[in-house]
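Engineer: What shape does this take:
(2 chains)
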Amino acid sequence: MRETDRHSFEEWARGRQQAMLRTAYLVTGDLHRAEDLLQEALVAAAQRWGTLREGNPEAWVRTVVARRHISWWRKHRRETLTDAPAGAGEGRTPAADPSGRVTGRVVLLDALDRLTAKQRSVLVLRFLEDLSVAETAHALGVTTGTVKRQTSVALERLRDVAPELRDLVEENR
Amino acid sequence: MNSNDLHDRLLALREDLDLPETRVAEGAWETGRTRQRRRRAAGAVAGVAAVAVIAAGTALVGGGTTDAGRIGPASTVPSTSLPSATATSGPVTPMGEFRGLGVGGAVVTRAGLGGLAEEAASVTLQGRSAGTVSEAIEVVGGALPDWAASSSDGVLICWAGGEQALVADPTQQLRPDSFSPTGALLATFSDQGLEVLDLVDGGGSTYPFDSLGDLADVGPDALQLTWADDEHLLIAEARSAYEDAGTPRAVLLDAVTGDVTATALSGGTVYLDGSPIVLHASRAYTGSTVWWSRAGNLGMTTLLPLAADGLVAGSSSTSIPGADSAEAGRFTQVEVWDSTDFALAAQLPVPNGTHPAVLDLDASHVLASLRDADGTTLVDVPFGAREGEPVTGVLRLDGATGAVAVRPGGLG
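Structural biologist: Numbers count the residues shown, from 1 in each chain, chains lettered A, B, ... in the order given. All right, here's what the predicted structure looks like:
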């Protein structure tokens, strides 16, 4: 770590932390967990900033967050497979929703909460970050077959838990 | 609704999320730098221990005389430059070598972290019950543990102050190379896959067997772990010294990102985070470490910077199938590379029955390299009659012609 890199790292990290937190939250569904994972990923990014700054550090952080979340989940899944994950309600309450947009958002968030960590990560990376199956597999350290399978299962599950999303699920099968 | 619609909905969801303002970026740089310093400090201790171990007569690299089914890679010095430590004498517990200790009636083996065997012997297992699994260790003052042990309860790590943490279940056993060079990371196999624990921040990752690429179908009993540094773990098929089964399959794991890269150790070049890992024939080079695979063996050696700019050197030892004895069957050589592209600059076969003193002395004496007025590089490699004995001769390599001369006598 070169001290001369510090300014550029901190400028980037401060500027992007909120956006990265939102992505981490979509991956975890838990604000505190998202902050913890993001913080650790940023520390790791700082340690290799000299290399990362020339590439896509945000994508790198995203990968680390998703990976570590899945690893964490593997160890704790017996405790975390619940219908109402801790912190899941953060940031969801609409003040007013004349267009129904916020309600739709809550439905989607609630549906995501009922997915496993791996399923959530696959959906976020594939459909939010637009990664290919192969790129998602690489990012998560799983096979392409696993990604395809988890995508299918995740979409099925969304349909099961949120009939409002049936059109979405069926079109993406 | 198609995948674009799903993308749009997720995008809108993300943008609309009304999360509290975060400050997670605050202190990230400082924390990273502190951890790096800790690891370097721990690495310096490990490096001194490694030099001492080598001076005490430990094999330069493992593999030559290992038991069937297990390969013994070298102890490593993680920093890019050697600590300026002279060899010490006296009994030293070799890093990477298990040593049974009777602790509280439990079967305990010790893995080297530069800790003290006496301290380990006085530690008792504090009522641990079989099958206990710690979800994550507590970070004790941020300090690295002093030693660790495999017990009937699992892997136990201990700090100098007496704190203990059971960090793995009984199915996970320490291996000679479970610890990264600085001791900051611990790698073991569980039923689920490869477990990597960060002993600095208490975090951990599990890598299922099916994520290990070419090694997905190889069970943990047939896998060998070798840390290259505190971020990169080489995982390879374990092979017996005399097994003729071709080049071992291997993968390189980035413990930070979890990226797994196949490293067949058989040619080609891959890039990792911008740093080239150059594979030449049966060798792979990263930073200050060379990994080598030969005759079914796999090992690693720390590269030593030479006085001449851009050259690094290391030594390796290979067992020769069919030899009458382990000693006679060992072939040792010193190799010199260009550090920019790791092109092999020279190979210096050490005379049969002798031992290169390359790693016995501090960096200023290890290898002398000189540049003549015409730019020719001469490399001197001292060697002894036997391991641990004073230097009795010098190999001199003429960098221009490739000629190697043997000159009896010391370094003078």
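Engineer: Would you confirm that B:P208 contacts B:E195?
Structural biologist: No: the pair B:P208 / B:E195 is not scored as a contact, 10.5 Å apart, by CB atoms under 8 Å. C-beta coordinates here come from the backbone N, C-alpha and C atoms, glycine included.
Engineer: Compare neighbour counts for those two and give me the winner.
Structural biologist: With neighbours defined as other CB atoms under 10 Å in any protein chain shown, B:P208 and B:E195 compare such that B:E195 has more, 23 against 17.
Engineer: Make sure I have this right: the more buried one is in a strand.
Structural biologist: Yes: assignment of B:E195 by DSSP: H, G, I helix; E, B strand; the rest coil places it within a strand.
Engineer: partner residues bridging it?
Structural biologist: On the basis of DSSP bridges, B:E195 is bridged to B:T188, B:T206.
Engineer: so who does it touch?
Structural biologist: B:E195 makes contact with B:A168, B:Q172, B:A187, B:T188, B:F189, B:G204, B:S205, B:T206, B:Y207, according to CB atoms under 8 Å, 6 or more residues apart in numbering or on different chains.
Engineer: quick one: buried residues of stretch A:25-39?
Structural biologist: With burial defined by 16 or more other CB atoms under 10 Å in any protein chain shown, the residues of stretch A:25-39 counted as buried are A:25-31, A:33-39.
Engineer: Of those, which ones also sit close to chain B?
Structural biologist: A:Y25, A:L26, A:L31, A:E35, A:L38, A:Q39 (CB under 8 Å from any CB of the partner chain).
Engineer: Using JSON lines, lay out the residues you listed together with pLDDT.
Structural biologist: Output for those, formatted as JSON lines (pLDDT from 0 to 100):
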{"residue": "A:Y25", "pLDDT": "91"}
{"residue": "A:L26", "pLDDT": "89"}
{"residue": "A:L31", "pLDDT": "89"}
{"residue": "A:E35", "pLDDT": "91"}
{"residue": "A:L38", "pLDDT": "93"}
{"residue": "A:Q39", "pLDDT": "91"}
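Engineer: just to revisit the earlier point, out of the contacts of B:E195, the closest to chain A would be?
Structural biologist: Looking at the contacts of B:E195 and their distance to chain A, the nearest is B:S205, at 3.9 Å (CB to the nearest CB).
Engineer: From B:A216, how far out is the closest one?
Structural biologist: Note on B:S205: its distance to B:A216, by CB to CB, to the nearest Å, is 17 Å.
Engineer: Those two: which has the busier surroundings?
Structural biologist: B:S205 (25 against 14).
Engineer: By mean pLDDT, flag the weakest helix or strand of chain A.
Structural biologist: Every helix and strand in chain A was compared by mean pLDDT, DSSP states H and E; the lowest is helix A:166-171, with a mean of 59.
Engineer: and if you look at chain B?
Structural biologist: Among the helical and strand segments of chain B, the one scoring lowest on mean pLDDT, DSSP H and E is strand B:99-103, with a mean of 26.
Engineer: Generate a ChimeraX selection restricted to the buried subset of the contacts of B:E195.
Structural biologist: Buried residues among these (16+ other CB under 10 Å), as a ChimeraX selection:
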select /B:168,172,187,188,189,204,205,206,207
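Engineer: Contact partners for the residue nearest in space to the middle of chain A?
Structural biologist: For chain A, the residue nearest the mean C-alpha position is A:V27 (2.1 Å; CA atoms, centre = their mean). Residues near A:V27 by CB under 8 Å, 6+ apart: A:A34, A:L37, A:V65, A:A66, A:H69, A:A117, A:R120, A:S121, A:V124.
Engineer: Can you tell me how far it is from A:D130?
Structural biologist: Distance of A:V27 to A:D130, computed by CB to CB: 15 Å.
Engineer: Flag every residue of the stretch 1-150 of chain B that's near chain A.
Structural biologist: Residues of the stretch 1-150 of chain B lying near chain A (CB under 8 Å from any CB): B:1-3, B:5-7, B:9-25, B:28-29, B:31-33, B:35-36, B:135.
Engineer: out of those, which are buried?
Structural biologist: Buried by 16+ other CB under 10 Å: B:6, B:9-10, B:13-14, B:16-17, B:19, B:22, B:24-25, B:28-29, B:31-33, B:35-36, out of these.
Engineer: Please save the CA atoms from the helix or strand A:T23 falls within in PDB.
Structural biologist: Secondary structure assignment for A:T23, by DSSP states H and E: helix A:6-28. In PDB, the C-alpha atoms belonging to helix A:6-28 read as follows (Å, rounded to 0.1, in the frame of the first residue of the first chain):
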ATOM      1  CA  ARG A   6      -4.500   6.800  -0.300                       C
ATOM      2  CA  HIS A   7      -6.200   9.900  -1.600                       C
ATOM      3  CA  SER A   8      -7.500   8.200  -4.700                       C
ATOM      4  CA  PHE A   9      -8.800   5.200  -2.800                       C
ATOM      5  CA  GLU A  10     -10.600   7.300  -0.200                       C
ATOM      6  CA  GLU A  11     -12.100   9.500  -2.800                       C
ATOM      7  CA  TRP A  12     -13.400   6.500  -4.700                       C
ATOM      8  CA  ALA A  13     -14.600   4.600  -1.600                       C
ATOM      9  CA  ARG A  14     -16.400   7.600  -0.200                       C
ATOM     10  CA  GLY A  15     -18.000   8.400  -3.500                       C
ATOM     11  CA  ARG A  16     -19.200   4.900  -4.100                       C
ATOM     12  CA  GLN A  17     -19.900   3.500  -0.700                       C
ATOM     13  CA  GLN A  18     -23.600   4.200  -0.600                       C
ATOM     14  CA  ALA A  19     -24.100   2.700  -4.000                       C
ATOM     15  CA  MET A  20     -22.000  -0.300  -3.100                       C
ATOM     16  CA  LEU A  21     -24.000  -0.700   0.100                       C
ATOM     17  CA  ARG A  22     -27.200  -0.800  -1.800                       C
ATOM     18  CA  THR A  23     -25.900  -3.600  -3.900                       C
ATOM     19  CA  ALA A  24     -24.600  -5.400  -0.900                       C
ATOM     20  CA  TYR A  25     -27.900  -5.100   0.800                       C
ATOM     21  CA  LEU A  26     -29.600  -6.600  -2.200                       C
ATOM     22  CA  VAL A  27     -27.200  -9.500  -2.000                       C
ATOM     23  CA  THR A  28     -27.700 -10.000   1.800                       C
END
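Engineer: got the angle for whatever helix or strand comes next after it vs helix A:6-28?
Structural biologist: Toward the C-terminus, helix A:6-28 is succeeded by helix A:31-47 as the next helix or strand (DSSP H and E). Per axes from the mean of the first three to the mean of the last three CA atoms, to 10 degrees, the angle that helix A:31-47 makes with helix A:6-28 is 150 degrees.
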